[in-house]
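*Asks:* here is a sequence with its predicted model. Questions after.
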Number of protein chains: 2
Amino acid sequence: MAISIRDVAKLAGVSTATVSRVINGSDGVTGAAREAVLRAARELKYVPHAAARALSTGRTRTIAVLLPDMHGAFFSELIRELDQCAHAHGQSLLVASLHGRLTEAPKVFALIHGQVDGVILMAPFVDADRRLAQLPFTVPTVLLNAPDSVGDAPAITIDNAGGAAQVAQHFAQLGYKEVVHIAGPADNFDAAERARGFHAAARRLGMTVQRDIKGNYSEEAGREAGTYLAGRGRRPRAVFAANDNMAVGCLEALAAAGVAVPDEVAVAGFDDIPIARFTTPPLTTVRPPVAQQGLEAFEWLVAAINRKGRTRIRPSPRTQPLPTTLIVRGSTDPAAVPPNARAGVPKVGAVRA
Amino acid sequence: MAISIRDVAKLAGVSTATVSRVINGSDGVTGAAREAVLRAARELKYVPHAAARALSTGRTRTIAVLLPDMHGAFFSELIRELDQCAHAHGQSLLVASLHGRLTEAPKVFALIHGQVDGVILMAPFVDADRRLAQLPFTVPTVLLNAPDSVGDAPAITIDNAGGAAQVAQHFAQLGYKEVVHIAGPADNFDAAERARGFHAAARRLGMTVQRDIKGNYSEEAGREAGTYLAGRGRRPRAVFAANDNMAVGCLEALAAAGVAVPDEVAVAGFDDIPIARFTTPPLTTVRPPVAQQGLEAFEWLVAAINRKGRTRIRPSPRTQPLPTTLIVRGSTDPAAVPPNARAGVPKVGAVRA
DNA sequence: CGTCTTTACCCACACGTTTCCGCGAAGAGC
DNA sequence: GCTCTTCGCGGAAACGTGTGGGTAAAGACG
């Protein structure tokens, strides 16, 4: 058995209450006893037991981040940002994936009940709001990329529609008239928004969307779409894939078929995955503000946790979608800088890279 | 306050002990009472409190994975694998980074004490074994890519030296005689092993390593090395970068300087990051078995946890390094398949892709 | 010196579980 | 019918903390 607060108290010749106060920095314990406690703790290498502390205080200093899977383009960057935030706030991070099924959510919630103070739940499913409404939210929760807020849980989203519109506008400026969209999974909310935004902007800008090709976010789906387009009699002038994965596959299929990009067909994606800089030609894409999204989610969560039990002022349940950044590279613009030039860290609006 | 086991007991008209037994599936409670408990639990939507359970049992069903940072090439894949394992064993995953400094380890250990049953600690620092020896290991721990085991904690490593030797042998087979190595950070154990393995194999194969260029795993370092090599009078025939990041930077600098790859200079890396397939030319590299590494680490850990308190048979403290796979692409071999072809999932030995 | 406030500390309970021990009842063996 | 085991369940003690209430000592003030 590890050494406990009682051992420290005994060695220091004080009560456990005094030890607890010293350890937690509460005032009300002075030089003599304080000194003894510190010395005893150091000598015994005492480390407070997190579970016991959690049971007593009701706080775990841990938040959970639940992702639909561990693949997405965001995953890596999101975790990195959240780790930063957690570290800054002295919190820990519990991560788990839903293995693609939102139905896993209740199980995971049950598994971590009493182990976390809050939950960041990424739920980019079209019916996430309805499905999530069933769950009993036992701790403060914030939703990422969900269709809508659920109860007290706000949905912090990126501006998928706006990003797609940026691509449409970019196409329009280049004079491309006939375009095609490679859609994401039917049940994916981000993908639906991207499709919606692209169509709306295209119509507004006087472009015609010849087709919507069904996709599932996979590189393979992009390849199939590219092959199909290459073999078609009347090719579109530009194609917007709902994510970079599919755009990459599309680029590859077009190259294999001998179709010149961007001279014959321009290609753009969404996500700005690391690979996008390295395709031939480099991929024009939309960069989502995932770090900012993680930051806002975390900040809201710690605020909600600290407010817990206090006045129940409901914060704005639905936040403004976070703006995206268009990254222009060689796959859409013949005049774009040569393939080897790299994107820096653009701050706002469209960027040439 | 959330509802507790007592509420369930009261509603079901039984004792908390009975409820506990039913919830945990222990036998010794039959039809009548069992039925009532189940009904009450369902009606009250009772969920056991993890912290209380942890305090009582000493088990948290959670393991921690501590990474030096959240950037590395492994990070993503490792987490994915561990999440799979954790899910399969009904465990949770607590992830945290050391923010680059091994000195953070004690703090993080203290932070999570009593919150996890075991730790997977990735510590690719040359002196990790000495530094770690100070820590009081309060829970079973397994080290990843550390120089050596520490106490009961085994080090599960990949065969860095062997992978580097694979590159050297590949160079030799292609008839390249004069080679250069771009080294990783001086304090990085993986990098040191790669350098050692490359040098040893080169000597054995009759190649001369003209130079060791200092690097730090960053793309920028690779660019600088590439620029330097391009401007040099007597160029090496092939260069092996200690990681793909630097190899990518090197490729870019060589292209910018008009040096043909692989015809004038061949380039190889290590890690097989996703980007490697998409550089021009695609990058020859060494793929580490990180999924397998994660699996072995996890399995060892749960075994150690279950053995806890039982017989203290020390398992093999140092495991065999896990073999790597050489992935041959266009950056080294003029005869390699065209840039657009992709690597499948090679099973063993050298692979053409 | 007596009273009142402040300070510094201790006692003991609470947090929500699990689990050891024990007890009554029921069944088995004679 | 009596003892002996088995079974089903309840009582209560942990597990390691935090913290509210209480209390003695010390100091301030008359």
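*Replies:* Structure received. Nothing here was measured: the structure is a model prediction, and the numbers come from that model. Numbers count the residues shown, from 1 in each chain, chains lettered A, B, ... in the order given.

*Asks:* any weak-confidence spans in the stretch 1-150 of chain A?
*Replies:* A:1 (pLDDT under 70).

*Asks:* please tell me how far residue A:222 sits from residue A:245.
*Replies:* 6 Å (C-beta to C-beta, to the nearest Å). For glycine as for every other residue, the C-beta is placed from the backbone atoms N, C-alpha and C.

*Asks:* these two: which is more packed in?
*Replies:* Taking neighbours as other C-beta atoms under 10 Å in any protein chain shown, residue A:222 and residue A:245 compare with residue A:222 leading, 31 against 26.

*Asks:* you'd agree that one is up against residue A:244?
*Replies:* No. Using C-beta atoms under 8 Å, residue A:222 makes no contact with residue A:244, being 9.0 Å away.

*Asks:* can you tell me the closest non-neighbouring residue to residue A:179?
*Replies:* Using C-beta to C-beta, 6 or more residues apart in numbering or on different chains and skipping residues adjacent in sequence, the residue nearest residue A:179 is residue A:238, 4.8 Å away.

*Asks:* same check on residue A:51?
*Replies:* That would be residue B:54: by C-beta to C-beta, 6+ apart, it lies 3.9 Å from residue A:51.

*Asks:* what's the host helix or strand of the one you found packed up against?
*Replies:* Using DSSP states H and E, the element containing residue B:54 is helix B:50-57. Helix B:50-57 sits against helix A:50-57, with contacts defined as 3 or more C-beta pairs under 8 Å, 6 or more residues apart in numbering or on different chains; DSSP states H and E.

*Asks:* hmm, back to that, the residue nearest to residue A:179 contacts residue A:266, correct?
*Replies:* Yes. In this structure, residue A:238 is within contact of residue A:266 by C-beta under 8 Å, at 4.0 Å.

*Asks:* ranges for the helices of the stretch 251-353 of chain A?
*Replies:* A:290-307 (DSSP state H, counting those that start in this stretch).

*Asks:* now do the stretch 1-150 of chain A
*Replies:* For the stretch 1-150 of chain A, helices defined by DSSP H, counting those that start in this stretch occupy the ranges A:5-12, A:16-23, A:31-44, A:50-57, A:73-88, A:104-112, A:128-132.

*Asks:* and the longest one, how far out from the chain middle?
*Replies:* Looking back up the chat, that one is helix A:73-88. 9 Å (C-alpha atoms, centre = their mean, to the nearest Å).

*Asks:* what do you get for the first one?
*Replies:* Relative to its chain's centre, helix A:5-12 lies at 45 Å (C-alpha atoms, centre = their mean).

*Asks:* nearest spatial neighbour of residue A:75, skipping sequence neighbours?
*Replies:* residue A:67 is the one closest to residue A:75 (C-beta to C-beta, 6+ apart), at 6.1 Å.

*Asks:* pull the contacting residues for that neighbour.
*Replies:* Neighbouring residues of residue A:67 by C-beta atoms under 8 Å, 6 or more residues apart in numbering or on different chains: A:75, A:78, A:95-98, A:122.

*Asks:* now do the SS call for the closest residue to residue A:218 other than its chain neighbours.
*Replies:* Using C-beta to C-beta, 6+ apart and skipping residues adjacent in sequence, the residue nearest residue A:218 is residue A:245, 6.2 Å away. Judged by DSSP: H, G, I helix; E, B strand; the rest coil, the three-state class of residue A:245 is helix.

*Asks:* I'd say residue A:245 and residue A:220 touch.
*Replies:* No. Taking contacts as C-beta under 8 Å, residue A:245 lies outside contact range of residue A:220: 9.1 Å.

*Asks:* what is the neighbour count of the closest residue to residue A:215 other than its chain neighbours?
*Replies:* In space, and not counting its chain neighbours, residue A:215 is closest to residue A:221: 4.1 Å by C-beta to C-beta, 6+ apart. Other residues within reach of residue A:221, judged by other C-beta under 10 Å, total 24.

*Asks:* now the strands for the stretch 151-300 of chain A?
*Replies:* A:155-156, A:178-182, A:208-213, A:238-241, A:266-268, A:285-287 (DSSP state E, counting those that start in this stretch).

*Asks:* which one of the ones you listed lies nearest to residue A:62?
*Replies:* The closest of the strands of the stretch 151-300 of chain A to residue A:62 is strand A:155-156. By C-beta to C-beta, the value is 20.1 Å.

*Asks:* what does that closest one rub up against?
*Replies:* Contacts of strand A:155-156 (C-beta under 8 Å, 6+ apart): A:129, A:142-149, A:293, A:296-297, A:300, A:317-319, A:322.

*Asks:* what does chain A have sitting close to DNA strand C?
*Replies:* Selection of chain A residues close to DNA strand C by C-beta under 7 Å from any atom of the strand yields A:13-18, A:28-30, A:32-34, A:55-56.

*Asks:* please repeat the previous calculation with a cut-off of 10 Å.
*Replies:* Applying C-beta under 10 Å from any atom of the strand, we find that chain A lies next to DNA strand C at A:5, A:9, A:12-22, A:26-37, A:51-58, A:113-114.

*Asks:* and for the closest residue to DNA strand C within the stretch 101-250 of chain A, the neighbour number?
*Replies:* As assessed by C-beta to the nearest atom of the strand, DNA strand C sits closest to residue A:114 within the stretch 101-250 of chain A, at 7.0 Å. By other C-beta under 10 Å, 22 other residues sit near residue A:114.

*Asks:* ramachandran coordinates for it?
*Replies:* phi 90, psi 0 (degrees, to the nearest 10).

*Asks:* from residue B:75, how far out is residue A:67?
*Replies:* In terms of C-beta to C-beta, residue A:67 sits 14 Å off from residue B:75.

*Asks:* wait, residue A:254 touches residue A:226, no?
*Replies:* Yes. Using C-beta under 8 Å, residue A:254 makes contact with residue A:226 at a distance of 4.8 Å.

*Asks:* of those two, who's got more company?
*Replies:* Between residue A:254 and residue A:226, counting by other C-beta under 10 Å, residue A:226 is the more crowded of the two (30 against 25).
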